[in-house]
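1. Give me the fold of what follows.
(one chain, ligands or ions: 1)
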Amino acid sequence: MSESDPQPSPSIPPIHSSPTPSVLLNTGARMPLLGLGTYRLRGPDDILQAVDAALSTGYRSFDTASVYQNEADLGRALRLLLPKHGLSRADVFITSKLGPKDQGSRAREGALRSLELLDLDYIDLYLIHWPGTQGLGVGDKRNPENRAQSWAVLEELHAQGQGKLRAIGVSNYTPGHMKELLEGCCVTPAVLQVEFHPRLSQGEMRHLCGEKGVCFQAYSSLGTGSLLQDPLVVQIAQGYGLTTAQVLLRWAVQQGVPVLPKSSHPTRIAENGRVFDFELAAEDMERLEGMDCGQKYCWDPSQVA
Ligand code: NAP
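-> Model (predicted):
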């Protein structure tokens, strides 16, 4: 899936003025390759400042979640800032996620709460955040039952009218969780969002997603900040006169993988957005690929039944 893919079906509102490249989802909608991550970005003023900086520098996608407790602040920031930037709701792509505490019988309530807090008529992409349920042990057999129930609810909300949830997907699923979902679902997930960076290149997952038409999306592309001082990344960045953040983000987008860098600093938000006007040489892409060692900086879902 790339910028050269066929245009989305006319019944799906396009992202009108995205200045950054996008990928085509299996729904026919396009998702920008660059989005602003908002984990640990809290408080109305900080969110307003970050969203303003992001919109100014070409971001058109924003990633939140029920557990980030900032959906209402993001919604407010968009209401205030879209007119300032001459944009409308259809120009931005909003992702949110069902919290692990709402998995199963509370899924409908959880998804509708996200819509209400964001104060939006629809969410562009809604993900099951985690394969497990809060309060259950990782090996508990109710985990698969609950996530199947959540998925059925998301499918229903996706199908309703023009779709309160325009696209649905999952996050932090392992290949095993993903195969189970793909076998039982009516709607194929549009997106899988997982940790992805040169130390965690997720070969099996990317292959599975490619085969099934699921867009593979990266989170923690900077290794939550830990990869910014890596000696090889520093060396490559110096060779191009770039920052290490730009090298890490370019490595992903050059492979067509959408990224969601988070920063609360306007200058860094702008820096992270400047990744579409240069290319890394094949040998540097390979050197970065060679860093893969299965290192995770975020949570590990592999034990969740
Ligand atoms: P990340 O984007 O890999 O790294 C963020 C860290 O790097 C922050 O500490 C930030 O600090 C720093 N940083 C950002 N740009 C920088 C730059 N140009 N120079 C120096 N430092 C920089 O980590 P992440 O927040 O874990 O992941 C990104 C987003 O992915 C999240 O915000 C969230 O939206 C999503 N995510 C999803 C899941 C999931 O379970 N689905 C899990 C994790 C993340 P400052 O803010 O101080 O600049």
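2. Chain neighbours aside, what residue packs nearest to Val247?
-> Ala237 (4.7 Å; C-beta to C-beta, 6 or more residues apart in numbering). Any C-beta I mention is one placed from the backbone N, CA and C, and that applies to glycine too.
3. Are we agreed that that neighbour is in a helix?
-> Yes. Assessed by DSSP: H, G, I helix; E, B strand; the rest coil, Ala237 belongs to a helix.
4. What does the pLDDT read for it?
-> Note on Ala237: pLDDT of 98.
5. And what about Val194, helix, strand or coil?
-> Once three-state DSSP is applied, Val194 turns out strand.
6. Just the buried residues of stretch 50-65, please?
-> 50-55, 57-65 (16 or more other C-beta atoms under 10 Å).
7. out of the residues you listed, which touch the ligand?
-> Among those, the residues within reach of the ligand (C-beta under 6 Å from any ligand atom) are Asp63.
8. Buried ones in whatever helix or strand Ile269 lives in, by neighbour count?
-> Assessed by DSSP states H and E, Ile269 sits inside helix 266-273. Within helix 266-273, the residues scored as buried using 16+ other C-beta under 10 Å are Arg268, Ile269, Ala270, Glu271, Asn272, Gly273.
9. got TSV for these, with distance to Gln246 and pLDDT too?
-> Formatted as TSV, these follow (distance: C-beta to C-beta, whole Å; pLDDT from 0 to 100):
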residue	distance to Gln246	pLDDT
Arg268	11	98
Ile269	12	98
Ala270	11	97
Glu271	7	98
Asn272	7	98
Gly273	9	97
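10. quick revisit: inside strands: which ones of the buried residues of stretch 50-65?
-> Ser61, Phe62, Asp63 (DSSP state E).
11. which of those lies closest to the ligand?
-> Nearest to the ligand, judged by C-beta to the nearest ligand atom, of these is Asp63 at 3.9 Å.
12. who's in contact with the closest one?
-> Gly35, Leu36, Gly37, Thr38, Thr95, Gln193, Tyr219, Leu260 (C-beta atoms under 8 Å, 6 or more residues apart in numbering).
13. From Ser61, how far out is the third one?
-> Gly37 sits at a distance of 10 Å from Ser61 (criterion: C-beta to C-beta, to the nearest Å).
14. Could you pull out the residues contacting both of the two?
-> By C-beta under 8 Å, 6+ apart, the residues touching both Gly37 and Ser61 are Leu260.
15. got a list of what Met291 touches?
-> Pro198, Arg199, Asp230, Leu232.
16. Look up how far Asn146 lies from the second one.
-> To tie it back to what came earlier, the one meant is Arg199. 31 Å.
17. more crowded one of these two?
-> Asn146 (23 against 18; other C-beta atoms under 10 Å).
18. re earlier: could you pull up the contacting residues of the residue nearest to Val247?
-> Ala237 neighbours (C-beta under 8 Å, 6+ apart): Thr243, Thr244, Gln246, Val247.
19. got it, and Ile94?
-> Applying C-beta under 8 Å, 6+ apart, the residues near Ile94 are Ser61, Phe62, Thr64, Leu74, Leu78, Leu118, Leu120, Ile123, Asp124, Leu125.
20. what does Glu283 give?
-> So Glu283 contacts nothing (C-beta under 8 Å, 6+ apart).
21. any idea how far Pro258 is from it?
-> 24 Å.
22. now the end-to-end length of stretch 90-103.
-> With C-alpha to C-alpha, to the nearest Å applied, stretch 90-103 spans 29 Å between its terminal residues.
23. For the stretch 1-150 of the chain, just list every one of the helices.
-> Taking DSSP state H, counting those that start in this stretch, the helices of the stretch 1-150 of the chain run over residues 44-56, 71-84, 107-118, 142-159.
24. okay but Leu222 is in contact with Asp230, surely?
-> No. In this structure Leu222 lies outside contact range of Asp230 using C-beta atoms under 8 Å: 10.2 Å.
25. coming back round to it: and the buried residues of helix 266-273, which is closest to Pro44?
-> Ile269 (17.2 Å; C-beta to C-beta).
26. which non-adjacent residue is nearest the closest one?
-> Ala53 (4.4 Å).
27. show me what contacts that neighbour?
-> So Ala53 contacts Pro266, Ile269, Ala270 (C-beta under 8 Å, 6+ apart).
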